[in-house]
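Peer 1: need the 3D shape of this:
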Amino acid sequence: MSWYKPSDVGLAVRSKLADLGIGARLFMRLLATLGSSLRRFGLVRDQIHFLGNYSLVIIAVSGLFVGFVFGLQGYYMLQRYGSADSLGLLVTLTLVRELGPVVAALLFAGRAGTSLTAEIGLMKAGEQISVLEMMAVDPVQRILGPRFWGGVIAMPLLAAVFSAMGIIGGWVVGVVMIGVDAGSFWGQIQNGVDVWKDLGNGVLKSIVFGVTVTFLALLQGFEAQATPEGVASATTRTVVVASLAVLGLDFILTALMFTT
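Peer 2: Residues are numbered from 1 along each chain as shown. The predicted structure is shown next:
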């Protein structure tokens, strides 16, 4: 007995291809809003404050505790090989290369991404999007564009805050609590971290993650069903899809950046 019909498979494939087409068109329209968003930078500034400032506390506190953990675990691991003085370099490279952009993006998706999806979904459910279209105002340019570029700008700043707080957390545990030499801690960081290869690639990752998370959040909100259940479902999809996209892109970017 067949559990599915070939027509059902074709319908599912066609539906997914249509979703990809809708997403690609919306992404291109969002990129085209760069000029208008720069001319009305006040709208983008407000979104940077909304998305970035309101996510700052959870990003900073999470980075600090991640630094605590890596400082403690890194010290015990390096001590086995007589390399405890390299603790600062280990913590810094781990944060700026990987954990800073990735964990900050996951937290950004859970905090800012869900708020974007819920906001756009509620605007659609309240027919505010339809009213703008009836007034000949492009909702993508007026509503989605500033939020998109605000998220793209806010994400690298939040990743930098996460990494900085993590390094401070590693210093507190390694130098203040355990007793690693402070000169060695900071000297290893200064000599071992490359500005372009390490910091630059970390910034590039955070920009890519910012584009991805913000776009997916706006897409889910813009395409959500105009019902409370539809908005709730879209908010849940934002967290799941954005988190998986960040982890998948992190593997691809790491393979491209650090493979010799």
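Peer 1: contacts only, for residue 156.
Peer 2: The contact partners of residue 156, by Cβ atoms under 8 Å, 6 or more residues apart in numbering, come to 203, 206, 207, 210. No exception for glycine: its C-beta is placed from N, CA and C like everyone else's.
Peer 1: the third one sits in which helix or strand?
Peer 2: Per DSSP states H and E, residue 207 falls inside helix 201-222.
Peer 1: helix or strand right after that helix?
Peer 2: Following helix 201-222 toward the C-terminus (DSSP H and E): helix 228-258.
Peer 1: can you tell me how far the most centrally placed residue in the chain sits from residue 239?
Peer 2: By Cα atoms, centre = their mean, the chain has its centre lying nearest to residue 105, at 2.6 Å. Between residue 105 and residue 239 the computed distance is 12 Å (Cβ to Cβ, to the nearest Å).
Peer 1: that older thread, so which elements touch the helix holding residue 207?
Peer 2: helix 6-32, helix 100-108, helix 114-125, helix 145-171, helix 228-258 (3 or more Cβ pairs under 8 Å, 6 or more residues apart in numbering; DSSP states H and E).
Peer 1: report the inter-axis angle for the shortest one versus helix 145-171.
Peer 2: This means helix 100-108. 120 degrees (axes from the mean of the first three to the mean of the last three Cα atoms, to 10 degrees).
Peer 1: list the buried ones in helix 100-108?
Peer 2: 100, 101, 102, 103, 104, 105, 106, 107, 108 (16 or more other Cβ atoms under 10 Å).
Peer 1: out of these, who's nearest residue 44?
Peer 2: For the buried residues of helix 100-108, the residue nearest residue 44 by Cβ to Cβ is residue 108; the value is 16.6 Å.
Peer 1: quick check: the gap between that closest one and residue 246.
Peer 2: 9 Å.
Peer 1: low pLDDT regions in the stretch 1-150 of the chain?
Peer 2: 1-10, 12 (pLDDT under 70).
Peer 1: which residues sit against stretch 50-60?
Peer 2: Contacts for stretch 50-60 (Cβ under 8 Å, 6+ apart): 104, 107-108, 111-112, 115-116, 147, 150-151, 153-154, 157-158, 161-162, 165, 214.
Peer 1: and the helices and strands packed on helix 201-222 as a markdown table, adding distance to residue 188?
Peer 2: Compiled in a markdown table, the helices and strands packed on helix 201-222 are given as follows (distance: least, Cβ to Cβ, whole Å):
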| stretch | distance to residue 188 |
| --- | --- |
| helix 6-32 | 41 |
| helix 100-108 | 18 |
| helix 114-125 | 39 |
| helix 145-171 | 11 |
| helix 228-258 | 19 |
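Peer 1: my read: residue 152 touches residue 207, true?
Peer 2: Yes - contact criterion Cβ atoms under 8 Å: residue 152 and residue 207 qualify, at 6.8 Å.
Peer 1: more neighbours: which of the two?
Peer 2: residue 152 (25 against 16; other Cβ atoms under 10 Å).
Peer 1: what sits closest to the more buried one if chain neighbours are left out?
Peer 2: residue 210 (4.6 Å; Cβ to Cβ, 6 or more residues apart in numbering).
Peer 1: contacts only, for the one you found.
Peer 2: 105, 108, 151, 152, 153, 154, 155, 156.
Peer 1: gap between the residue nearest to the third one when sequence neighbours are not counted and residue 48?
Peer 2: Nearest non-adjacent residue to residue 151, counting by Cβ to Cβ, 6+ apart: residue 214, 3.1 Å away. If you measure residue 214 against residue 48 using Cβ to Cβ, the figure is 11 Å.
Peer 1: any shared contact partners between the two?
Peer 2: Residues touching both residue 214 and residue 48 by Cβ under 8 Å, 6+ apart: residue 150.
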